[in-house]
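Undergrad: need a structure here:
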Amino acid sequence: MVVKSKRNRKHKAKTRRPNALHAFVVALKADWERVRWVRLITLCSVLAISVSVYVATLWLMNRPIQAVVIDGAFERVSAIQVEDALELYIQTGFLSADLHAMRGQLRQLPWVANAKVRRRWPGTIEVSIEEQSSAARWGDAGLLNVDGELFIENVSHAPAELPLLSGPHGSEQRVAAMYFSVQERLERRGMAAVSLRLDDRGAWEIQLISGIRVRLGARMVETRLDRFFEALDKVVAARVEDVDYIDMRYTNGFAIGWKNRAPMNAKARDGVKPNV
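TA: Numbers count the residues shown, from 1 in each chain. Okay, the predicted model is just below:
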């Protein structure tokens, strides 16, 4: 009997069977690669077509501006001024025209308070102008609008019927606000102010339409103003034509300067001088 050692026993190599799952994954990956490239190529094609259509549309729509239409009736601003202001901007195309820059240029024109610029297909630019409304003269040749802004420093002809306001440089809105406040209280009494002045020391002086000058000084202005209207109601109103000035610069009273008569002090001791 022949005995074979385990050490010499030969094992047959096992045959590996095909893995179905692995084959499926490989096939799926290959299909996905093909789908990804197809989607990428399709996306690039759509993007290229969209850009081409956009550029072509922009080129067709950005035609030269054919006309500028000025809307609204105005007295101080001329059509020639508007055309000159927009001359450089309307040389561009209809879509590329800078409407914001156009509005800014128009607002720099004298008497222009606001401006609107818009496009109207196919090639028209519409312009609407709102003129400034002058509320008062300022100094020698300036004009203030209803917001107290100095919109013209040197006007050739200032309407004489406008009130005359004056003050240090930069005080335009402060003086205008004071005038509007005083004017409102005067109108309730059937009166009006024709001028208001703020000097370099900060002192105020009002002149009424009747010719009366009211000196308020620079201190306790609101208190003195209230006292003036009290005096106006109780003392001055009945004799407006005889009053030259009213000096409110006293601590506890005021002085009335009568035309062709010596001044009369009301509630002020003799020898007391007005304060600033």
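Undergrad: Can you report phi and psi for the residue nearest the centre of the chain?
TA: Of all residues in the chain, the one closest to the mean position by C-alpha atoms, centre = their mean is Asn114, 8.6 Å from it. For Asn114, the backbone dihedrals are phi -150, psi 150 (criterion: degrees, to the nearest 10).
Undergrad: Quick check: it touching Gly104?
TA: No. Between Asn114 and Gly104 no contact is recorded; they are 11.6 Å apart, counting by C-beta atoms under 8 Å. C-beta coordinates here come from the backbone N, C-alpha and C atoms, glycine included.
Undergrad: What is the burial count for Thr92?
TA: Neighbours of Thr92 under the rule other C-beta atoms under 10 Å: 13.
Undergrad: so what's it scoring on pLDDT?
TA: Per-residue confidence (pLDDT) for Thr92: 81.
Undergrad: do Trp59 as well
TA: Trp59 is assigned a predicted lDDT (pLDDT) of 52.
Undergrad: Start the count at 29 instead of 1 going forward.
TA: In the new count, where the first residue is 29, that last one comes out as Trp87.
Undergrad: List the residues that contact the residue nearest to the centre of the chain.
TA: If a contact means C-beta atoms under 8 Å, 6 or more residues apart in numbering, then Asn142 has Arg135, Ile157, Glu158 as its contacts.
Undergrad: mind listing which of those are in helices?
TA: Counting by DSSP state H, the members of those that fall within helices are Arg135.
Undergrad: Pick the one among the contacts of Asn142 closest to Glu258.
TA: Glu158 (41.3 Å; C-beta to C-beta).
Undergrad: The closest one pairs with what?
TA: Using DSSP bridges, the bridge partners assigned to Glu158 are Asn142.
Undergrad: pretty sure it is touching Ala143, no?
TA: Yes. At 7.1 Å, Glu158 and Ala143 qualify as touching, with contact defined as C-beta under 8 Å.
Undergrad: Quick check on those two: which one has the bigger neighbour count.
TA: Using other C-beta under 10 Å as the criterion, Glu158 and Ala143 rank with Ala143 on top: 20 against 15.
Undergrad: still on that earlier bit, could the contacts of Asn142 be laid out in a markdown table, adding distance to Ile180 and pLDDT?
TA: Written out in a markdown table, the entries for the contacts of Asn142 read as follows (distance: C-beta to C-beta, whole Å; pLDDT from 0 to 100):
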| residue | distance to Ile180 | pLDDT |
| --- | --- | --- |
| Arg135 | 14 | 92 |
| Ile157 | 16 | 91 |
| Glu158 | 16 | 91 |
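Undergrad: Redo the contacts of Asn142 as CSV? Include distance to Asp126.
TA: Formatted as CSV, the entries for those read as follows, by distance: C-beta to C-beta, whole Å:
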residue, distance to Asp126
Arg135, 14
Ile157, 18
Glu158, 21
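Undergrad: In terms of secondary structure, what does whatever helix or strand Asp112 lives in contact?
TA: Secondary structure assignment for Asp112, by DSSP states H and E: helix 107-114. For helix 107-114, the contact count by 3 or more C-beta pairs under 8 Å, 6 or more residues apart in numbering; DSSP states H and E identifies strand 95-99, helix 127-135, strand 152-159 as packing neighbours.
Undergrad: Okay, angle between the first one and strand 152-159 too, please.
TA: Pointing back at strand 95-99 there. In this structure, strand 95-99 runs at an angle of 30 degrees to strand 152-159, with axes from the mean of the first three to the mean of the last three C-alpha atoms, to 10 degrees as the basis.
Undergrad: which other helices and strands contact strand 95-99?
TA: Using 3+ C-beta pairs under 8 Å, 6+ apart as the contact criterion, the neighbours of strand 95-99 among helices and strands are helix 107-114, strand 152-159.
Undergrad: re earlier: for the helix holding Asp112, what is the average pLDDT?
TA: 89.
Undergrad: Run the angle between that helix and helix 127-135 for me.
TA: The directions of helix 107-114 and helix 127-135 differ by 130 degrees, with the same axes, to 10 degrees as the criterion.
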